[in-house]
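Trainee: sequence below, structure please.
(chains A and B)
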Amino acid sequence: MKSILDILTDIRPEFDFSTSQDYLADGMLDSFDMLALVSDLDREFGIRIEGTEILPENFCNLQAIRNLLSKHGVAA
Amino acid sequence: MKRVTEASVLQEAMSQIRRGAAEFTVNLFASNPKIEAWSTEGTLWMLPCEGALLIHRHDGELERVYHVASDQPSLSAALGKFVESMPDQLMVTDLVGRPEDVVPVTRTYQQHGFLTHAQLVRMHRSGVQPAMKNGATNVELANMEDVPKLRAFMERWLDPLSEQIQSVGELREAVVSQGVFVVRDGHDLAGILIHETTGQSTVLRYWHVAGNHHGKGIGSRLMRAFLARCATSRRIALWVIAGNLDAIAKYYHYGFNEDGMVDNIMVRQPEQVTR
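Mentor: Presented below is the predicted three-dimensional model:
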């Protein structure tokens, strides 16, 4: 199974996602990328992220994404 | 049809559509500050429907159409209602995504009289590149006095359907952030390049040379100044018309590659309306 970092790097291989605390402010992810990320997380972890959860604060850094996945019962 | 007076009202309406949506589709990717600015201008409207939300924005002679829908049938029903309510308007929409995701949405818009006007492809340049020697003589950063000239240049040389020509306010912001390069011809502009940088990423919004100044190396000078300026950006992205092979070849020359994202620009002409 891929890690969150693997998925992020697949989407934007040019960035180091392990260091940034705000992927959006740092220009590492944009709105298109967020939708791609949601789709990839759904597929990889067998979950269904709800539309109401597609908010910048849920995808702004690694911990935020972990927190979101944990709400869906995924420890990543 | 409701006028959007606050971005939060629109966001709440969008969230309701997203909730539990099986085949969610959206083409509104504007940032919150941008939506807030449109709301303040009074140019943003929305049509709430069952399972879909149609959003439109007055942009000069055009209505720019955006959607949020839980699935294609909901989008189709909402579009039918929307075009019926504004039959005499020229409408334009951008359908952005991976080609396989854009095809079904394109079909839905086609069912309601929208035709493909152009297809854009996204290109990007990744990683910090070796510094390019600027060597760009006569390339200057634009100043506030250039804003009316920039707007006039864009209105003259760009296609308003496939290029979202920036408002005077947006151009002012771009000038303030030092995102506008120009080459002058006396009091006129011979070429422009406009870009936006967010953190480690840059978007090249416009790169254009006036028709009467082609073949003088102005485009190349603008691009070199831009690449020298953005030498530390880890990603530079742009959209280019798929059929503009000359421009695409130039972008390849400067290290850009296509990344598979497309933008289908669909136009609905008033005279195509079937009453």
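
Trainee: pLDDT at the closest residue to chain A within the stretch 51-200 of chain B, what is it?
Mentor: In the stretch 51-200 of chain B, the residue found nearest to chain A is B:G199; the distance is 3.2 Å by C-beta to the nearest C-beta. Backbone N, C-alpha and C define where each C-beta goes, glycine included. On pLDDT, B:G199 comes in at 93.

Trainee: how about chain B: which residue is closest to chain A?
Mentor: B:R18 (1.9 Å).

Trainee: how many neighbours does that residue have?
Mentor: 18 (other C-beta atoms under 10 Å in any protein chain shown).

Trainee: not counting sequence-adjacent ones, nearest residue to it?
Mentor: A:G51 (1.9 Å; C-beta to C-beta, 6 or more residues apart in numbering or on different chains).

Trainee: could you measure from the one you found over to B:P87?
Mentor: According to C-beta to C-beta, to the nearest Å, A:G51 and B:P87 sit 31 Å apart.

Trainee: one more: B:R122?
Mentor: 33 Å.

Trainee: so between those two, which is more surrounded?
Mentor: For B:R122 versus B:P87, neighbours defined as other C-beta under 10 Å are more numerous around B:R122 (18 against 13).

Trainee: quick check: phi and psi at the more buried one.
Mentor: phi -90, psi 140 (degrees, to the nearest 10).

Trainee: touching, it and B:A237? I think so.
Mentor: Yes. The criterion here is C-beta atoms under 8 Å, and B:R122 meets it with B:A237 at 6.2 Å.

Trainee: for the record, mean pLDDT for the longest helix that chain A contains?
Mentor: Across chain A, the longest stretch assigned as helix under DSSP state H is helix A:31-45. Mean pLDDT, computed over helix A:31-45, is 88.

Trainee: just name whatever secondary elements it is in contact with.
Mentor: Applying 3 or more C-beta pairs under 8 Å, 6 or more residues apart in numbering or on different chains; DSSP states H and E, one finds that helix A:31-45 contacts helix A:4-11, helix A:62-71, strand B:90-97.

Trainee: give me the pLDDT for B:M261.
Mentor: Looking at B:M261, its pLDDT stands at 90.

Trainee: right, I mislabeled it, should have said B:I192
Mentor: For B:I192, pLDDT reads 98.

Trainee: same deal with the one 10 residues further on?
Mentor: On the pLDDT scale, B:T202 is placed at 96.

Trainee: can you name every helix or strand that the helix or strand that contains it contacts?
Mentor: Assigned by DSSP states H and E, B:T202 belongs to strand B:201-209. The contact analysis (3+ C-beta pairs under 8 Å, 6+ apart) places strand B:201-209 against helix B:147-157, strand B:188-198, helix B:218-229, strand B:235-241.
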